[in-house]
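Visitor: requesting a structural model of the entry that follows:
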Amino acid sequence: MRIVLLGAPGSGKGTQAKLLVEKYKIPQMSTGDLLRAEVAAGTDLGKKAKAAMDAGQLVTDDVVLGMIQARLSKPDTKSGFILDGFPRNIPQAQSLDAMLARLGQPLQLALLVDVDTDVLMKRLTGRRTCGSCGAIYNIYFSAPKTSNKCDKCGAALQHRSDDNEQTVGNRLKVYQQQTAPLVNYYKAQGKLRTVRGVGAVSVIFKNVTDIIESQIRPLADVMGKIESAAARQAAKAKAAAVAKTAAAKAASKTAKVPPAKAKAVAPAAKPGPVVKKAPPKKAAAKPAPKAKPKKPAKPAPKAKKVK
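Guide: I've put the predicted structure just below:
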């Protein structure tokens, strides 16, 4: 399954992504994680990204797309992937679609975790983090038992400087201007599905998996059948090609065998001079016999008179 997660900051899509990774055993590709990994590895893409960040500039789309493509070349992405944090606008979405189409791995689902703006403000401004064990609390929804103290280790809780109303308000405004139009973009493709991101995490996750099972699994079954049929057809074509090659080789070997030597035949004697035969002599014609003169007929006897 190939999924892109959409949602405003504080919507909880990151939490849902981690649960999806555990359930379906497919990798999550967060642009932030990819950038850090490439920079740490010192790759060409990592060097370009670091140069941009050191100069206080945004990493270009080409660099980010290159990182995603490099990540997709690894074996663990064959069963699918989850994109989180990219694309952030329409041009990025179009470039991503073009790249995935070239790779033969188009997106199957765009999942929006939808949360109202006032809830997002409370989630982000009320967030508190334990500096010792990393536990996360919220003074509005999941406050610690003791104010500003971690329930797990007792350490003091910290409040990020950028988790204030002005900064959070600006972040949500940017999301509405740039990222929210992606909802209509994927809706026009018929890939958008929405889940409410309010309530227990387990309930939200159940809704997410229900959408995935109804949207992707039937498509995966169909695609599996198509791929199986294509594989069988390819196997037949390969077997036919192998048989044809073998037959051609056998015919070639037969043609190279020298024919049996024929027995020597004495050359025909040259014909001698032609002797013309004399024409046979014609026999002399015998004279026809002379016809004998016919004797005169005797006169008939006279009749006797009767007395």
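Visitor: in the helix or strand hosting Lys122, what's buried?
Guide: Counting by DSSP states H and E, the element that carries Lys122 is helix 117-125. With burial defined by 16 or more other C-beta atoms under 10 Å, the residues of helix 117-125 counted as buried are Val119, Leu120, Met121, Lys122, Arg123, Leu124, Thr125. Placement of C-beta: from N, CA and C, glycine included.
Visitor: do the same with stretch 36-46
Guide: Glu38, Val39, Leu45, Gly46.
Visitor: pretty sure the last one is in contact with Leu34, am I right?
Guide: No: using C-beta atoms under 8 Å, Gly46 makes no contact with Leu34, being 9.6 Å away.
Visitor: next, count neighbours for the closest residue to Ser132 other than its chain neighbours.
Guide: Excluding its sequence neighbours, the residue lying closest to Ser132 (C-beta to C-beta, 6 or more residues apart in numbering) is Ala155, at 3.6 Å. Residues near Ala155, counting by other C-beta atoms under 10 Å, number 14.
Visitor: what does Ala155 show for phi and psi?
Guide: Note on Ala155: backbone dihedrals following degrees, to the nearest 10 are phi -70, psi 160.
Visitor: now for it: which residues touch it?
Guide: With contact taken as C-beta atoms under 8 Å, 6 or more residues apart in numbering, Ala155 is in contact with Cys130, Gly131, Ser132, Cys133, Lys149.
Visitor: of the residues you listed, which is the most crowded?
Guide: Cys130 (20 neighbours).
Visitor: which stretches of the chain form strands?
Guide: Taking DSSP state E as the criterion, the chain carries its strands at 2-6, 28-30, 81-84, 109-114, 127-130, 136-138, 157-158, 192-196.
Visitor: quick one: closest of those strands to Ala70.
Guide: strand 28-30 (10.5 Å; C-beta to C-beta).
Visitor: okay, and for this protein, where does confidence drop off?
Guide: 217-232, 253-307 (pLDDT under 70).
Visitor: tell me which residue lies nearest the centroid of it.
Guide: Central residue check for the chain by C-alpha atoms, centre = their mean: the C-alpha nearest the mean position is that of Gly104, 3.7 Å away.
Visitor: could you dump the strands of the chain into a markdown table and include distance to Lys244?
Guide: Listed next are those as a markdown table, based on distance: least, C-beta to C-beta, whole Å:
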| stretch | distance to Lys244 |
| --- | --- |
| strand 2-6 | 38 |
| strand 28-30 | 44 |
| strand 81-84 | 40 |
| strand 109-114 | 44 |
| strand 127-130 | 68 |
| strand 136-138 | 65 |
| strand 157-158 | 72 |
| strand 192-196 | 49 |
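Visitor: tell me how far Val115 lies from Met29.
Guide: As for Val115, its distance to Met29 is 23 Å (criterion: C-beta to C-beta, to the nearest Å).
Visitor: now do the helices in this structure.
Guide: 13-24, 31-41, 44-54, 61-72, 90-103, 117-125, 165-174, 181-188, 201-215, 217-256 (DSSP state H).
Visitor: report how many residues lie close to Met99.
Guide: Count around Met99 with other C-beta under 10 Å applied: 16.
Visitor: what is the neighbour count of the nearest residue to it once chain neighbours are set aside?
Guide: Excluding its sequence neighbours, the residue lying closest to Met99 (C-beta to C-beta, 6+ apart) is Leu65, at 5.6 Å. Using other C-beta under 10 Å, Leu65 has 19 neighbouring residues.
Visitor: which residues does Leu65 contact?
Guide: With C-beta under 8 Å, 6+ apart, Leu65 has these contacts: Ser95, Leu96, Met99.
Visitor: of those residues, which is the nearest to Ile216?
Guide: Leu96 (18.2 Å).
Visitor: hmm, Asn89 and the closest one touching each other?
Guide: No: Leu96 lies out of contact with Asn89 (C-beta under 8 Å); the separation is 10.7 Å.
Visitor: higher neighbour count, those two?
Guide: Using other C-beta under 10 Å as the criterion, Leu96 and Asn89 rank with Leu96 on top: 21 against 16.
Visitor: not counting its neighbours along the chain, what's nearest the more buried one?
Guide: Closest to Leu96 by C-beta to C-beta, 6+ apart is Pro87, at 5.3 Å.
Visitor: pretty sure the one you found sits against Leu5.
Guide: No: between Pro87 and Leu5 there is no contact under C-beta under 8 Å: 11.1 Å.
Visitor: out of those two, which sits in the busier spot?
Guide: Pro87 (26 against 23).
Visitor: any idea how far that one is from Leu34?
Guide: Distance from Pro87 to Leu34, by C-beta to C-beta: 13 Å.
Visitor: then Lys187?
Guide: 27 Å.
Visitor: same thing with Ser79?
Guide: From Ser79 across to Leu34, the span is 19 Å (C-beta to C-beta).
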